[in-house]
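Student: just coords:
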């Protein structure tokens, strides 16, 4: 985990008849492992974690761990506004099951604590677990930004190994990359190319659910310094990335996976399906993306675990 890098998938949570569809979840996990991604995240915002019970979250973690090989990293999203309760979640999870390889933990949402409060929150969580922790900086959902000074204040916490950055602040990301040993992962898909180009270690990308091979190829091209090829590929990916974030996540993503026959388009309230007009645009862009051939790579390349990996055609 200290070498966290590459393209990670924040798995959706398949729902069928208002229940978590465990077989569908395991099929997706196996698919993305075979596609060559570097790791999986369960129970994140893309996984609709706020609509899951604690028991369901533990079930999801165990189900994914059962279908990927030992050593393939699985991270788990954990959140909450009350520090003691979040710490209790960690303790309870580790007492009754196999812990994830790392936790992805956001700053406390809604209460909008000070930077000191954020630092104390994470210190308390470090005392509650020995597992690695990846900070989740997503001010659009939490209402607070994790500042660079707070990262410096937490530099003596060995469990904190990295951060998923959804702040949109590339200048700050560049500064962190220059001054900190933390592994910095992009969480804003529309900034993926720029983020990797300034030295970002990888991405936890919702859009990479669709054609993960192309996202892994983009990462490899940028690592190899193939700037022109990477820009052409990102330009091909960008229209779909834009559409996948034009309505609340993960509604467009589940719509896309439904069009591909890979998941049902079911949600728990207050999440609702993508609009009919949005699906029309999505289907057209999805059809274009599925026609892109897998790039030929030399030198550094994403892992190739599957053979004859087939991507389904879009059902329009």
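Tutor: Structure received. As the structure is a prediction and not an experimental result, all values here were calculated from the model.

Student: From here on, just use CA atoms for contacts and neighbour counts.
Tutor: OK.

Student: Do a quick rundown of the helices in the stretch 51-200 of the chain.
Tutor: Per DSSP state H, counting those that start in this stretch, the stretch 51-200 of the chain carries helices over the ranges 54-67, 83-96, 115-128, 139-142, 148-153, 170-179, 192-197.

Student: average pLDDT for stretch 96-104?
Tutor: For stretch 96-104, mean pLDDT is 92.

Student: Which positions within it qualify as buried?
Tutor: Going by neighbour count (16 or more other Cα atoms under 10 Å), the buried part of stretch 96-104 is 99, 100, 101, 102, 103, 104.

Student: How about stretch 244-258?
Tutor: 244-245, 247, 249-258.

Student: got it, and stretch 89-97?
Tutor: Result for stretch 89-97 [16+ other Cα under 10 Å]: buried residues 89, 90, 93.

Student: Name the residues that touch that stretch?
Tutor: 58, 62, 99, 128, 129 (Cα atoms under 8 Å, 6 or more residues apart in numbering).

Student: try 10 Å
Tutor: Defining contact as Cα atoms under 10 Å, 6 or more residues apart in numbering, one finds that stretch 89-97 is touched by 54-55, 57-59, 61-62, 78-80, 83, 85-86, 88, 99-100, 103, 125, 128-129, 131.

Student: Filter the residues you listed down to the buried ones and hand me the PyMOL line.
Tutor: This is how PyMOL selects the buried members of those, with burial counted by 16+ other Cα under 10 Å:
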select buried, resi 57+58+61+78+79+80+83+86+99+100+103+125+128+129+131
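
Student: picking that back up, wait, which of the buried residues of stretch 89-97 is closest to residue 170?
Tutor: Taking Cα to Cα as the measure, residue 170 sits nearest to residue 90 out of the buried residues of stretch 89-97, at 31.4 Å.

Student: sorry, back to before: between the buried residues of stretch 89-97, which sits nearest residue 23?
Tutor: Nearest to residue 23 out of the buried residues of stretch 89-97 is residue 93 (Cα to Cα; 21.8 Å).

Student: now that closest one: how far from residue 81?
Tutor: Counting by Cα to Cα, to the nearest Å, the gap between residue 93 and residue 81 amounts to 18 Å.
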